[in-house]
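> model the structure of this input:
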Amino acid sequence: MSFKLAIIGAGSLVFTRTLFTDILSVPAFRDIEIAFTDINAANLDKVTRLCQRDLAANGITTQIQATTDRREAFRNARYIINLVRVGGLPAFETDIDIPLKYGVDQ
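Next up, the predicted model:
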């Protein structure tokens, strides 16, 4: 492995999987270790299994480590990406409602 990347809040199916796909589109990142960490173990497991399936289907050697222990995920990581939604679902609703108020459907 060339380096380790940690992703905080990796239990988000949409954000994590999209970011994961983007990362793997860079050939230099196809032989790295990625540590997923989240406080929601069930979501973390789902995302990890989906991403593992994507790796296997494409013959990519990137390795995924999934853990609810952020210190373990951060150990030896060169980069850390934060996907945590500040404010939770109420903040997300605001992100949708304000543009809709002005006629913008995201």
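> just the pLDDT for the residue nearest to L83 when sequence neighbours are not counted.
Nearest residue to L83 in three dimensions, chain neighbours excluded: G9, at 3.7 Å (C-beta to C-beta, 6 or more residues apart in numbering). In this view, the C-beta of every residue, glycine as well, is placed from N, C-alpha and C. G9 carries a pLDDT value of 93.
> same check, this time on D31
Looking at D31, its pLDDT is 85.
> can you check M1 too?
For M1, pLDDT reads 60.
> one more: T16?
94.
> residues of stretch 73-82 that come out buried?
73, 77, 81 (16 or more other C-beta atoms under 10 Å).
> all the helices of the chain, in order from the start?
With helices called from DSSP state H, the chain shows them at 13-24, 41-58, 70-74, 88-101.
> buried residues in the longest one, which are they?
So the one you mean is helix 41-58. Those would be 43-44, 47-48, 51, 55, for helix 41-58 by 16+ other C-beta under 10 Å.
> for the record, mean pLDDT for that helix?
pLDDT averaged over helix 41-58 gives 95.
> pick the one among the buried residues of helix 41-58 closest to D95.
Among these, N43 lies closest to D95 (C-beta to C-beta), at 19.8 Å.
> the closest one touches F15, doesn't it?
No. Judged on C-beta atoms under 8 Å, N43 makes no contact with F15 at a distance of 11.2 Å.
> mind putting the helices of the chain into a markdown table with distance to S2?
Converted to a markdown table, the helices of the chain look like this (distance: least, C-beta to C-beta, whole Å):
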| stretch | distance to S2 |
| --- | --- |
| helix 13-24 | 13 |
| helix 41-58 | 16 |
| helix 70-74 | 18 |
| helix 88-101 | 35 |
